[in-house]
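In: please work out how this folds:
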Amino acid sequence: MSEEKDFAGKNGFIWFIGFVEDRQDPLKMGRVRVRCIGWHADNKMQVPTSGLPWATPMLPTNNSNPYALREGDMVVGFFTDGEAAQDPVIMGTMPGLAIKPGNRQDAFSDGRTEAELATAPVKPSETSTLYPRRLDEPSTSRLARNDVDFPSPINESKAANKASKVEPNSYYAAIYPYNNVYESESGHAMEFDDTKGAERIHLYHRSGSYVEWGPAGDRSERIQRDKFSVVIGDDSVYVQGNVNLFVDGNVTAQIGGQVNMTVGGTVNATASSFNLTGDLNVTGNITATKQISDAIRNMSADRSIYNSHVHSDPQGGQTGTPSASQ
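Out: Predicted coordinates for the structure are as follows:
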């Protein structure tokens with residue numbers, strides 16, 4: 001065996017702490033450029049971001065993309081080529097508490113140009129500036145922390161836009177550190193909250209659409225725009241309780257077959273008018289508190305004609321009016 005100690009695993013473990021400055025990997029493998037403290041100059045004039053080696057993130061075997069690194073993130077890793085320090089591997093990222101905004105001229109800072117920022121994702125509650133965008137607070141999600149001084153814009157938006165007729169209040173009552181949160185750069189969020197007594201699952205779209213399951217199994221859903229549902233096979237719905245439907249616009253139903261409905265009680269319907277096209281077959285009685293009319297006249301006119309009508313008598317006279325009036 002060679003005595004040379006110049007391969008990974010035998011040349012010593014050389015590790016680093018650094019900050020991400022660029023994530024536009026030309027190979028699209030998730031690599032980032034990291035300025036490593038002590039290894040790279042703290043001046044971009046001496047070592048520009050473009051001169052930093054690409055660092056490969058170490059990923060768990062059961063999740064190929066658990067966290068997308070971004071500019072300004074603090075990371076820890078090691079060099080597979082030892083002190084040559086040209087082949088870095090990132091083992092993880094560390095949360096932080098930023099105290100000053102990003103400056104593209106500074107080392108260890110987000111260096112994106114205005115053109116790059118213009119095409120980068122941004123949350124509805126933020127402006128497209130360099131990272132970090134929130135100062136003097138931890139970098140962990142506000143949904144995970146539930147700090148009174150730092151409320152989540154997602155929770156604020158849901159409360160402000162709640163549809164009072166049917167939409168309940170959010171089931172959110174997270175206690176740190178039991179709420180497992182993924183929050184994307186543009187404002188999407190997933191929560192798997194294990195807070196005792198407030199266990200939830202929450203899937204949120206930056207537009208305001210969401211699905212949320214509460215601790216008792218209740219489900220709340222909001223669709224900010226249109227909804228489209230396609231069922232290729234059969235569809236069955238069972239409701240043990242009541243169903244309330246509120247529609248501000250029109251309702252149109254196109255049914256290719258028959259409609260069969262069995263109602264155990266009374267069907268009550270209120271409308272300014274009912275228009276039916278086709279034949280109407282009724283098994284039972286029809287009771288009307290006002291007039292029933294056909295294309296010629298109403299039933300009151302028919303009743304008057306019946307009550308006053310006479311027939312010609314074969315002997316040349318006339319019969320009398322009906323003995324039983326209608």
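In: so Ser300, which of the three states?
Out: Using DSSP: H, G, I helix; E, B strand; the rest coil, the structure places Ser300 in helix.
In: list of residues touching stretch 236-247?
Out: Lys165, Val166 (C-beta atoms under 8 Å, 6 or more residues apart in numbering). All C-beta spots, glycine's among them, are computed from the backbone N, C-alpha and C.
In: now Asn180: which helix or strand?
Out: strand 179-183 (DSSP states H and E).
In: send the alpha carbons of that strand over as CSV?
Out: Taking C-alpha atoms only, strand 179-183 is exported to CSV below (Å, rounded to 0.1, in the frame of the first residue of the first chain):
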residue,chain,number,x,y,z
ASN,A,179,-43.6,22.7,14.6
ASN,A,180,-41.8,21.3,11.6
VAL,A,181,-41.8,23.9,8.9
TYR,A,182,-40.6,24.2,5.3
GLU,A,183,-41.0,27.7,3.9
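In: sheet partners, orientation included, of it?
Out: strand 189-193 (antiparallel) (DSSP bridges).
In: quick check: what element follows the strand it pairs with along the chain?
Out: strand 200-204.
In: what's the spacing between the helix or strand following that next one and its chain's center?
Out: Scanning forward in sequence from strand 200-204 by DSSP H and E, the next helix or strand is strand 210-213. In terms of C-alpha atoms, centre = their mean, to the nearest Å, the centre of strand 210-213 is found 8 Å from the chain centre.
In: in the stretch 201-326 of the chain, where is pLDDT below threshold?
Out: By pLDDT under 70, the low-scoring segments of the stretch 201-326 of the chain are 302, 306, 310-311, 313, 316-326.
In: kindly recompute the last result at 80.
Out: 292-326 (pLDDT under 80).
In: which parts of the protein are strands?
Out: For the chain, the strands defined by DSSP state E occupy 15-22, 32-36, 54-57, 74-79, 88-94, 179-183, 189-193, 200-204, 210-213, 219-222.
In: which other helices and strands does the fifth one contact?
Out: With contacts defined as 3 or more C-beta pairs under 8 Å, 6 or more residues apart in numbering; DSSP states H and E, the secondary structure elements packing on strand 88-94 are strand 15-22, strand 32-36, strand 54-57, strand 74-79.
In: next, the distance between the ends of stretch 225-239.
Out: From its first residue to its last, stretch 225-239 covers 26 Å (C-alpha to C-alpha, to the nearest Å).
In: which residue packs closest to Tyr131, ignoring adjacent ones?
Out: Gly72 (3.8 Å; C-beta to C-beta, 6 or more residues apart in numbering).
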